[in-house]
Each structure stands twice: as C-alpha cells, then as structure tokens.
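J.: Sequence first, then the predicted structure, then my questions.
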Amino acid sequence: MDAIRILLSGKTNLQYYVDAVNGVGAEADAKYLPCIDTSYDGLILCGGNDIEPSRYNEAIDGAIEIDKDRDQVEFALLKAYIDAGKPVMGICRGFQLINIFFGGSLYQDLPEASLHTNKTDYYTTHFVKATKNSIIGKIYGTSFSVNSAHHQAVKVLGNGLDAAAFWKDKYVEAYEHKSLPIFGVQWHPERMCFGQKRDDTVDGAELFKKFIAMCKK
C-alpha cells in the first residue's frame, strides 16, 4: 500500500512537522505558499504569524507580523480540501485560521499571553481539560499537559465547530468539526514527539497518528 501523503503549509520550523508526520509512517511535503493541490491525502495547516484581522471583521488591535500572502493561500487551500472531502488538521495559527474560515474570531493579544508563550525554543507548558468523548479526550483523557506558544486565542468559535479542550475553562485549546474530518489544537504537538518528545507533556505523536488514520478512510 502506498504511503499516506500529507501536504504541510507553513513557513518556519517546518522540519519539526515533517519529522512528526514521517515518524508516524506517512509522507510529508512541506511548503511555503503551496499551490492548490488536493492530490494529497490530507492537509496540515502549521503554526506561524498572525492572521489579518479583517478576515474576522476587526481592525488591527494587537495582531503582529501579518502575512497576507500566506493568509490568501491557506484560506484557499482549506476551502479546496473541504470541497474535496479530505481531512484537515490545524496547529496554532492553523487552528486559528480554520476557526476564522468557519466564521469565528480571535482575541488579538491575550492579557495572559505571558502564561502561554516565552522567547525560548523550549516552550512553556500548562494543563488543559478535554471533553470526554472528543477526539482529544479519547486520546489523552480529560486533563493533561501540553506545550504553549501563542499570544492569540479563539474568541468566538466558528460555525460547525465543537470545543474539545479548554485552558482554565476560559479559552478553547482544541476543537473538532461536527460533520467534516477537521480538527485543530492551539498547542504544538510536533514539538512534543519523537526527537522533540518531552517528559512534562503528553506525546504529540498520538495526534498525528489519529490524523493519518482519518486520511486512510
């Protein structure tokens, strides 16, 4: 059987995502501003810069380092994969972008940003609580530790998305779509597995295994 092929859309630190996808037995192809190509079995929207707030009908009020070209490409990629009925996973920025695509919005700069990120390569951690029957809850249980590297968060959850995990019952840290093969997480599972595996978080490889299983269906 041919390997499952996954398109990774991102800009920096792409090797971490490649290692994670390849580590669970799939074949990753990572690109910045990739062409619209739905020949892959699934799409992962990776972390990165903030999304243009006009995408959720707001002026800039805390968003930084906006990449409008990437926004344009990734919104189009997401639509193409949805139209093709293929699985999509969002990580950090990708998690936020999917939420916006479905009509949601973001907190542009969290008051608690210092609790969610730092300036080192070794991300801070915190606990999240997951709903028992969600994808995330079935994998990790209802309370577990993840890494964290973000200053924005979901404010209004997009149409069709069910919240699956929260930080302190306040901010959505994971969701899944009610009917489409789509889920996302605010944390960085690619930095919690294989060569980046750490003792103070759960194993991020389990999320990539789940996504690849979705792509096989």
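T.: That came through, no problem.

J.: Quick check, Lys178 in contact with Gly160.
T.: Yes: assessed by Cβ atoms under 8 Å, Lys178 is found in contact with Gly160 at 5.1 Å. (Glycine included, C-beta is placed from N, CA and C.)

J.: by contact count, what packs against the lengthiest helix in the chain?
T.: Ranked by residue count and defined by DSSP state H, the top helix of the chain is helix 68-83. For helix 68-83, the elements it packs on are strand 5-9, strand 42-45, strand 88-91, helix 93-101, judged by 3 or more Cβ pairs under 8 Å, 6 or more residues apart in numbering; DSSP states H and E.

J.: Partner strands of the second one, with direction?
T.: Read that as strand 42-45. The pairing partners recorded for strand 42-45 under DSSP bridges are strand 5-9 (parallel), strand 88-91 (parallel).

J.: Please identify the most buried of those strands.
T.: strand 88-91 (a mean of 26; mean count of other Cβ atoms under 10 Å).

J.: Quick one: distance of it to the chain centre.
T.: In terms of Cα atoms, centre = their mean, to the nearest Å, the centre of strand 88-91 is found 4 Å from the chain centre.

J.: and that strand, C-alpha only, in PDB?
T.: The C-alpha coordinates for strand 88-91 follow below in PDB (Å, rounded to 0.1, in the frame of the first residue of the first chain):
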ATOM      1  CA  VAL A  88      -7.500  18.900   7.700                       C
ATOM      2  CA  MET A  89      -5.600  19.400  10.900                       C
ATOM      3  CA  GLY A  90      -4.800  22.900  12.200                       C
ATOM      4  CA  ILE A  91      -2.000  23.600  14.600                       C
END
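
J.: Now tell me what touches that strand from outside.
T.: 17, 42-47, 78, 81-82, 96-99, 180-185, 187-190, 207, 211 (Cβ atoms under 8 Å, 6 or more residues apart in numbering).

J.: returning to what we had before: list just the one of the strands paired with strand 42-45 that sits closest to Asp67.
T.: strand 5-9 (11.6 Å; Cβ to Cβ).

J.: Check Leu43 and give its pLDDT.
T.: With respect to pLDDT, Leu43 scores 99.

J.: sorry, that was for Arg198
T.: So Arg198 comes in at 93 (pLDDT).

J.: how about the helices in the chain?
T.: Applying DSSP H to the chain gives helices spanning 14-23, 68-83, 93-101, 135-140, 205-216.

J.: wait, isn't Cys46 in contact with Tyr17?
T.: Yes: if you go by Cβ under 8 Å, Cys46 and Tyr17 touch, sitting 5.5 Å apart.

J.: Quick check: the residue nearest to Gln108 when sequence neighbours are not counted vs Ala174, distance?
T.: Nearest residue to Gln108 in three dimensions, chain neighbours excluded: Gly62, at 3.5 Å (Cβ to Cβ, 6 or more residues apart in numbering). As for Gly62, its distance to Ala174 is 23 Å (criterion: Cβ to Cβ, to the nearest Å).

J.: Repeat that for Gly137.
T.: Taking Cβ to Cβ, one finds Gly137 at 9 Å from Ala174.

J.: I am finished for the moment; much appreciated.
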